[in-house]
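# Have a look; sequence and predicted model below, questions after that.
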Amino acid sequence: MKKILTAMIVLAVCIGTVFASGAQEGAAAPVGNAAKPVIFFNRQPSDPTTGEIMMDVMNWNDKTYYVGFDAAGGGAVQGTLVTDYLATADPATLDRNGDGVIGYVLCIGDVGHNDSKARTQGVREALGTWNGSTDPGQAQEGSANVGGTEMKVVELASMAMTGLDGSTWNANAATDAMLNWATSLGDQIDMVISNNDGMAMGCLQASNYPEGVPIFGYDANADAIEAIGAGRLTGTVSQNVDAQAAGTLQVIRNLLDGLEGDAVITAGISVPDQYGNKISADMEYVPETKALLAQNTGVTADNWTEYQAGARDTGIKKINGETKRVILTIYNSADNFLSSSYVPALQYYAPLMNIDLTIVQGDGQNEASCLDRFTNLNSFDAYAINMVKTNSGWDYLDKLQY
Ligand code: BGC
């Protein structure tokens, strides 16, 4: 009887162990494509209304990261760029109709994009026009130091800039808006602020752009830098596209080389990697959101030559690692920043890091334009994703489930 009892206890313990380990295995590490690295870049998985980061997406697997730039810090840099300019401006020249009020118009970009929200907030906070909302038309009366005199500042108009096809950050929409604003608001407009260079250059295309009115962009695209040199654009903000593109590829390389823990976001970034490479610029890692961020700097007539095209990061040299295949999506092939700045940087750094990159590009309005090209997923070692809508992360991740 004693033997039978002992046998039963042993059996029960064994069954328990089997179930317990079975349960652990059920929740265990993902396999196949679901276990591969996923890097979101430039468009951070976030709620389009609140801007809150979607951590369910970011916690997809332990090889999921975001690589971008400090969006809130960038908004503040953009705001300071504008107020620094005003501080040394001549009120008599700047205030075109002499009414004692500095009027500005604002090109917002994509109201559902947290970069866009951060820039609107940064500018409005700097000018005192922030009323707690990043929406178009939501501004209060502000004030700023203009050449030593405190003057009233008013946001005369602001618009999202959505194209006829529904695409966001649309430069043509900005040209049309500027045409209308210059007609309807006339010399009340003392300053134009745009949340990206594409839209700023779009404003300058308007045939009635009021000559000499200062205009600010964001991104430091090559054409915008040249426009600063030519005195057409007043300032822009560099979000350090080289650090971002190299950073996206470096994190992928690190994960595919089997690095774990902190090494994933430090090797080649804050310390040299096993090949001796290291991105020259400082990048900040935010563990709460698994985000590796480049820093922003203001660009004006004083320093524009340092940002001229062609200056690549010499900290990244050709490596001898095994070639890895990566598929990368771009939300809109017509986006000025991504097509003229980000993609060329990727194309420069990918071969150096022995990454064979397949780039697929969407139309900026339908997620399907990207998703339908996000295919043959088994044949890639890692995935880099720039979504059309910032809350579409799961549409891509679902395709990696099987
Ligand atoms: C850039 C914009 C661009 C957008 C696309 C932003 O970070 O500054 O120019 O249109 O990303 O997602």
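Alright, I've got the coordinates.
# phi, psi of residue 381?
phi -90, psi -20 (degrees, to the nearest 10).
# Hmm, it is touching residue 255, no?
No. If you go by CB atoms under 8 Å, residue 381 and residue 255 don't touch, sitting 9.1 Å apart. No exception for glycine: its C-beta is placed from N, CA and C like everyone else's.
# Which of these two has more residues huddled nearby?
Neighbours per residue (other CB atoms under 10 Å) separate residue 381 from residue 255, with residue 255 holding more: 23 against 18.
# packing partners for the host helix or strand of that one?
Element membership for residue 255, per DSSP states H and E: helix 241-256. Other helices and strands packing on helix 241-256, by 3 or more CB pairs under 8 Å, 6 or more residues apart in numbering; DSSP states H and E, are strand 38-41, strand 64-69, helix 263-266, strand 291-294, strand 324-330, helix 343-352, strand 355-361, strand 382-385.
# In TSV: the ones you listed, plus mean pLDDT and distance to residue 224.
TSV is the format used below for the helices and strands packed on helix 241-256 (pLDDT from 0 to 100; distance: least, CB to CB, whole Å):
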stretch	mean pLDDT	distance to residue 224
strand 38-41	98	21
strand 64-69	98	16
helix 263-266	98	30
strand 291-294	98	17
strand 324-330	98	19
helix 343-352	98	15
strand 355-361	98	21
strand 382-385	98	25
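# So which of those is nearest the ligand?
strand 64-69 (7.2 Å; CB to the nearest ligand atom).
# Compute the inter-axis angle for that closest one and helix 241-256.
160 degrees (axes from the mean of the first three to the mean of the last three CA atoms, to 10 degrees).
# what's the next helix-or-strand element following strand 64-69 in contact with?
Counting by DSSP H and E, the next helix or strand C-terminal to strand 64-69 is helix 71-87. Contact with helix 71-87 is made by 44, 94, 102, 114-115, 118-127, 144-148, 191, 193, 195, 214, 216, 218, 234-237, 239, 295-298, 300, as judged by CB atoms under 8 Å, 6 or more residues apart in numbering.
# can you do 6 Å?
114-115, 118-119, 121-123, 125-126, 144-146, 216, 218, 235, 237, 239, 296, 298 (CB atoms under 6 Å, 6 or more residues apart in numbering).
# what's the angle from it to strand 64-69?
10 degrees.
# List the buried residues of helix 71-87.
For helix 71-87, the neighbour count (16 or more other CB atoms under 10 Å) marks 71-83, 85-86 as buried.
# With just CA atoms, put that helix into PDB.
What follows is helix 71-87, C-alpha atoms only, in PDB (Å, rounded to 0.1, in the frame of the first residue of the first chain):
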ATOM      1  CA  ALA A  71      10.600  64.300 -31.000                       C
ATOM      2  CA  ALA A  72       9.800  66.500 -27.900                       C
ATOM      3  CA  GLY A  73      13.400  67.800 -27.800                       C
ATOM      4  CA  GLY A  74      13.100  68.600 -31.500                       C
ATOM      5  CA  GLY A  75      10.000  70.600 -31.000                       C
ATOM      6  CA  ALA A  76      11.800  72.600 -28.300                       C
ATOM      7  CA  VAL A  77      14.800  73.200 -30.700                       C
ATOM      8  CA  GLN A  78      12.400  74.400 -33.400                       C
ATOM      9  CA  GLY A  79      10.700  76.800 -30.900                       C
ATOM     10  CA  THR A  80      14.100  78.200 -29.800                       C
ATOM     11  CA  LEU A  81      15.200  78.600 -33.400                       C
ATOM     12  CA  VAL A  82      12.200  80.900 -34.000                       C
ATOM     13  CA  THR A  83      12.600  82.800 -30.700                       C
ATOM     14  CA  ASP A  84      16.300  83.300 -31.200                       C
ATOM     15  CA  TYR A  85      15.600  84.700 -34.700                       C
ATOM     16  CA  LEU A  86      13.000  87.100 -33.300                       C
ATOM     17  CA  ALA A  87      15.300  88.200 -30.500                       C
END
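# Indicate whether the helix or strand containing residue 368 makes contact with the ligand.
Using DSSP H and E, residue 368 maps to helix 367-371. No. Under the criterion of CB under 6 Å from any ligand atom, the ligand is not reached by helix 367-371; the shortest gap measures 12.2 Å.
# list the buried ones in that helix?
367, 369-371.
# got it, and stretch 258-266?
Going by 16+ other CB under 10 Å, stretch 258-266 has these buried residues: 259, 263-266.
# which one of the residues you listed is nearest residue 140?
Closest to residue 140 out of these is residue 265 (39.9 Å), distances taken as CB to CB.
# All the helices of the chain, residue numbers only.
2-26, 55-58, 71-87, 91-94, 114-127, 171-185, 197-205, 222-229, 241-256, 263-266, 336-337, 343-352, 367-371, 393-398 (DSSP state H).
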